[in-house]
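Student: Show me how the following folds:
(2 chains)
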Amino acid sequence: MAISKIWVFAEADNGKVATVTLELLTAARATGATVEAFIAGDGAAVAAELGAFGASKVYATGDVGGALTSIPAASAMAALVSGGNVPDAILLSQSYEGRDTAGRLSVKLDKTVLTNAVGFAVEGDNLVVEHAVFGGAKTLKATFTAGGPFLVMVRPKSFVAESSGGGAAGVEVVAVPDAGATGGATITSRHAEERTGPSLDEAAVVVSGGRGLGEAAKYQMIEDLAKLLKGAPGASRAIVDAGWVPYSYQVGQTGKTVKPAVYIAAGISGATQHMVGMKGAKTIIAINKDKEAPIFGIADLGIVGDVHKVLPKLIAALQAR
Amino acid sequence: MSLNVAVCVKQIPDPATPGSLSPADHTLVREGKLILDDSDAYGVEMALRLVEAAGGGEVTLVSMAPNSEQSGLRTGLAMGAHKAILVSDPVLKGSDALGTAKVLAAAIKRVNADLVITATESTDGYTGTTPVQIAELMGLPSVTFAKKLTVNGSSLSVDRQTEAGYDEVTTTLPALVSVTAGVVEVRYPSFKGIMAAKGKPLEELTVAALGLDPSAVGWAGSGQQVVSVTDSEARQSGEVIEDDGESHHRIVAFLDQLKVL
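Tutor: Okay, the predicted model is just below:
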């Protein structure tokens, strides 16, 4: 039977399809299977873009109001499957909505989810899914032991999105079963954080700070430097845990994966937790006072020095240009 | 009013020591002393504060661990949690996230919890799916990635992290919430707390005692299998220089060369 049909759980914001969704469609297409998308929302608004990246059809719930996306998404997908429309695999993103949807769906279908995937390949009737473990030092491959649908959650930036030049996907509106008590949560208001520069995901330059900054107030240096380089500020888990910056700044295994042209790590030792999220950067510059810090093992330029001395001079030098 | 909160906690090998995989079965080596996952300390703290604010109720820790490991649970009890349930059973080895969720959900059902709190993901396994799997198994609403939460009688208000910023979400209780790191400042256990923890109830259960089918958990119930573990292509390090007070010029020159200025 091989892998003949793959669904991609699509995410979009105001009709703009998320980059990671386009990455998943590109990867799904490479298997040669029929690729279909599913969205908890308006299908017509995204049909052209999903089609241009290889989806022949998009199953859409229509407007879900204040519901958390995962509730209608998982119940509608499970209903399709129990109605006999069974894909061989369902790809989701390792994102806020992807994780919730995968968790709900996994229980409804009683299927395992392979998470944090960075690649996959078809092998016979199965998928072999690739994971970067121990900070990316090792590659682990895992496969499924029971039949599909195989649920795979993929880390953003694992694939490069490429258009297929396809026409708009056909829209099929699907029913959303009543969620009962699980639907008890409602979004009452949405807040977009003000952002002056590029997002952490998209920035060509990322400047991250860690414990070596010493105190929360010193994070300002990271923001100043990021701004001067038209980049985005990021953070290690240590200072997010300490409450210096919000979780959304976190780069690493439990945060975001970034692949900028230049990554500057300031006061970050390079715990495996952090490295897995940034080792895909094209060029890495590290500043740390401990010359034994693991970050120097992957840096293209390493400065053994005190961030409190180096950063102010670097900022002043860039301001003077 | 009172509020009963169950907090899922994981006892993990110290993340400061490099992890390894068993060559025999590719599971994480979890020998020696395990500690309370730092990510879970925020949930324990949040639970304690919510119960204090409610003016009554209990915080129950729920954990699944090999070899009757208790040290991480004792840390949570020392922080102030009232009691703990530990599921430890050799048949659990090899459990995937779904199997783990089945065990934790069955254990939580023994507590009359108004609220279940978890971390967003564990530090060692980090699949990030277990919290919502527990909620689905228990038929509860869930709000993940909470940055802030407040209980108002029979409902709960949560600020939930999103790609764009955050959403304000209101949910009925009972519910499950996963909290992000840094959501609250975690207290250190006091000496008094550490002493008191030794006498707090810790119930240890087997899979059979939970009424679960052993074939649904552990290796038997796992839907996944590791086929290989290999070294990744190593990234080469470049030039490393000591700061002599002028190293910022070297960085500027390097950035120039990379054409990012």
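
Student: and B:Ser228, what is it in contact with?
Tutor: By Cβ atoms under 8 Å, 6 or more residues apart in numbering or on different chains, the residues touching B:Ser228 are A:Leu140, A:Lys141. C-beta coordinates here come from the backbone N, C-alpha and C atoms, glycine included.

Student: where's it, which helix or strand?
Tutor: Here B:Ser228 is covered by strand B:224-231, with elements defined by DSSP states H and E.

Student: which parts of that strand are buried?
Tutor: In terms of neighbour count (16 or more other Cβ atoms under 10 Å in any protein chain shown), strand B:224-231 has its buried residues at B:Gln224, B:Gln225, B:Val229.

Student: Next: stretch A:92-102.
Tutor: Under 16+ other Cβ under 10 Å, the buried positions of stretch A:92-102 are A:Leu92, A:Ser93, A:Gln94, A:Ser95, A:Tyr96, A:Glu97, A:Gly98, A:Arg99, A:Asp100, A:Thr101, A:Ala102.

Student: Can I get those in a markdown table including distance to A:Phe150 and secondary structure?
Tutor: Below are these laid out as a markdown table (distance: Cβ to Cβ, whole Å; DSSP: H, G, I helix; E, B strand; the rest coil):
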| residue | distance to A:Phe150 | secondary structure |
| --- | --- | --- |
| A:Leu92 | 11 | strand |
| A:Ser93 | 16 | strand |
| A:Gln94 | 16 | coil |
| A:Ser95 | 19 | coil |
| A:Tyr96 | 22 | helix |
| A:Glu97 | 20 | helix |
| A:Gly98 | 15 | helix |
| A:Arg99 | 17 | helix |
| A:Asp100 | 19 | helix |
| A:Thr101 | 15 | helix |
| A:Ala102 | 12 | helix |
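
Student: if we look at chain B, which of these are close to it?
Tutor: For chain B, the contacts drawn from these by Cβ under 8 Å from any Cβ of the partner chain are A:Gln94, A:Ser95, A:Tyr96, A:Arg99, A:Asp100, A:Ala102.

Student: what's near enough to touch the nearest residue to the fourth one once chain neighbours are set aside?
Tutor: Setting aside the residues directly before and after it, A:Arg99 is nearest to B:Gly128 in space (Cβ to Cβ, 6 or more residues apart in numbering or on different chains), at 4.9 Å. If you count contacts by Cβ under 8 Å, 6+ apart, B:Gly128 has them with A:Gln94, A:Arg99, A:Thr115, B:Thr120, B:Glu121.

Student: Is the nearest residue to the last one once chain neighbours are set aside in a helix, a strand, or coil?
Tutor: Ranked by Cβ to Cβ, 6+ apart and with sequence neighbours excluded, the top spatial neighbour of B:Glu121 is B:Gly128, at 3.8 Å. Following DSSP: H, G, I helix; E, B strand; the rest coil, we place B:Gly128 in the coil state.

Student: Stretch A:281-290 vs chain B: in contact?
Tutor: Yes. Stretch A:281-290 lies within reach of chain B by Cβ under 8 Å from any Cβ, at A:Thr283, A:Ile285, A:Ile287.

Student: returning to that earlier point: let me see the confidence value for the residue nearest to A:Arg99.
Tutor: B:Gly128 is assigned a pLDDT of 92 by the prediction.

Student: With A:Met1 instead?
Tutor: 55.
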